[in-house]
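**Q** Just to be clear, the model below is a prediction. Sequence and coordinates:
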Amino acid sequence: MPPSNATSRFSDRVENYVRYRPGYPLAVMEALKSECGLSPSHIVADIASGTGIWTRMLLENGNTVFGVEPNAEMREAGERLSAAFPNFTSVGGAAEATTLPGQSVDFVTAAQAAHWFDRKRARGEFLRILKPEGWLVLLWNERITDSTKFLRDYEQLLLTYGTDYEEVRHERTTAAVNEFFDPSPFRARVFEMRQEFDYAGVEGRLLSSSYAPGPGHPQHAAMLRELRRIFELSSAEGRVAFEYKTRLYFGHLF
């Protein structure tokens, strides 16, 4: 995908992204502490930090974090929501050109984002900015598509109405993890997570996705009618659940 498209495609999704995108299980942070020795003294470059969902978990851990984000709208939201943390610095940069000094960070992280990067160029940039023995950490929330009737119907809705859903599905993009680490070894961990929503939340969650037709698109109204229909079929006490596997990958780069 052209980098300009990958950067701009979330510009009109910011508020829904802030309100409805899932966070990450605390078990992810505990794994990084126990397996990578992550401590509050470590400096982190969070690449494609967006609105700061993962960034703020690092900030709450006490880390100094450079949030590197190429999209102005997403970056401004991240700045607003992370303003209370003096250990946060917002950087207008990209995975392939962070603008950070060489050997300046202990960890490079990318949450829900690495599939958008030019993998060869990004890997070279990560090697440049990491200190010797520094860690690369990649993580994604992978939405489960078939464990309930609602999730099966929701998946079909995306296949029917999504503008380029099949091209950017995470079960395909996470398969490229090897390209970031190779020939370096890496470790993988998987955690479970879920969100529960009323209808407004489900609609906001859908519209936070870059492949969901937005207002003004000819498929937008039909998509929302179908969303309402499948919600009414499956909701219990006015709510439905999204289930995820949070996939964590970490290792040194050589």
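**A** Okay, I see it.
**Q** What segments of the stretch 51-200 of the chain are helices?
**A** 53-60, 72-81, 119-129, 149-161, 165-168, 170-173, 177-181, 199-207 (DSSP state H, counting those that start in this stretch).
**Q** What is the neighbour count of residue 233?
**A** 11 (other C-beta atoms under 10 Å). Every residue, glycine included, has its C-beta placed from N, CA and C.
**Q** Can I get the helix or strand containing it in PDB, CA atoms only?
**A** According to DSSP states H and E, residue 233 maps onto helix 220-234. What follows is helix 220-234, C-alpha atoms only, in PDB (Å, rounded to 0.1, in the frame of the first residue of the first chain):
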ATOM      1  CA  HIS A 220     -22.500   3.700   4.300                       C
ATOM      2  CA  ALA A 221     -26.200   3.700   5.000                       C
ATOM      3  CA  ALA A 222     -26.700   0.100   3.800                       C
ATOM      4  CA  MET A 223     -23.800  -1.000   6.000                       C
ATOM      5  CA  LEU A 224     -25.300   0.600   9.100                       C
ATOM      6  CA  ARG A 225     -28.700  -1.000   8.400                       C
ATOM      7  CA  GLU A 226     -27.000  -4.400   8.300                       C
ATOM      8  CA  LEU A 227     -25.100  -3.600  11.400                       C
ATOM      9  CA  ARG A 228     -28.300  -2.800  13.300                       C
ATOM     10  CA  ARG A 229     -29.900  -6.000  12.000                       C
ATOM     11  CA  ILE A 230     -27.100  -8.300  13.200                       C
ATOM     12  CA  PHE A 231     -26.900  -6.400  16.500                       C
ATOM     13  CA  GLU A 232     -30.600  -6.900  17.200                       C
ATOM     14  CA  LEU A 233     -30.300 -10.600  16.300                       C
ATOM     15  CA  SER A 234     -27.500 -11.300  18.700                       C
END
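**Q** Pull out the buried residues from it.
**A** Under the neighbour-count criterion of 16 or more other C-beta atoms under 10 Å, helix 220-234 has 223, 224, 226, 227, 230, 231, 234 buried.
**Q** Now render the residues you listed as JSON lines, adding distance to residue 19.
**A** Shown next, in JSON lines, are these (distance: C-beta to C-beta, whole Å):
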{"residue": "223", "distance to residue 19": "19"}
{"residue": "224", "distance to residue 19": "17"}
{"residue": "226", "distance to residue 19": "22"}
{"residue": "227", "distance to residue 19": "17"}
{"residue": "230", "distance to residue 19": "21"}
{"residue": "231", "distance to residue 19": "17"}
{"residue": "234", "distance to residue 19": "22"}
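**Q** I'd like the next helix or strand past the helix holding residue 233.
**A** strand 240-252.
**Q** by contact count, what packs against that following strand?
**A** Strand 240-252 sits against helix 26-36, strand 130-143, helix 149-161, helix 177-181, strand 187-197, with contacts defined as 3 or more C-beta pairs under 8 Å, 6 or more residues apart in numbering; DSSP states H and E.
**Q** Out of these, which is the most enclosed?
**A** strand 130-143 (a mean of 20; mean count of other C-beta atoms under 10 Å).
**Q** Could you check the angle it makes with helix 149-161?
**A** 100 degrees (axes from the mean of the first three to the mean of the last three C-alpha atoms, to 10 degrees).
**Q** any chance of the helices of the stretch 51-200 of the chain in JSON lines, with mean pLDDT and distance to residue 137 too?
**A** What follows is the helices of the stretch 51-200 of the chain, written out as JSON lines (pLDDT from 0 to 100; distance: least, C-beta to C-beta, whole Å):
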{"stretch": "helix 53-60", "mean pLDDT": "97", "distance to residue 137": "9"}
{"stretch": "helix 72-81", "mean pLDDT": "93", "distance to residue 137": "18"}
{"stretch": "helix 119-129", "mean pLDDT": "97", "distance to residue 137": "10"}
{"stretch": "helix 149-161", "mean pLDDT": "97", "distance to residue 137": "28"}
{"stretch": "helix 165-168", "mean pLDDT": "76", "distance to residue 137": "21"}
{"stretch": "helix 170-173", "mean pLDDT": "56", "distance to residue 137": "16"}
{"stretch": "helix 177-181", "mean pLDDT": "91", "distance to residue 137": "10"}
{"stretch": "helix 199-207", "mean pLDDT": "95", "distance to residue 137": "25"}
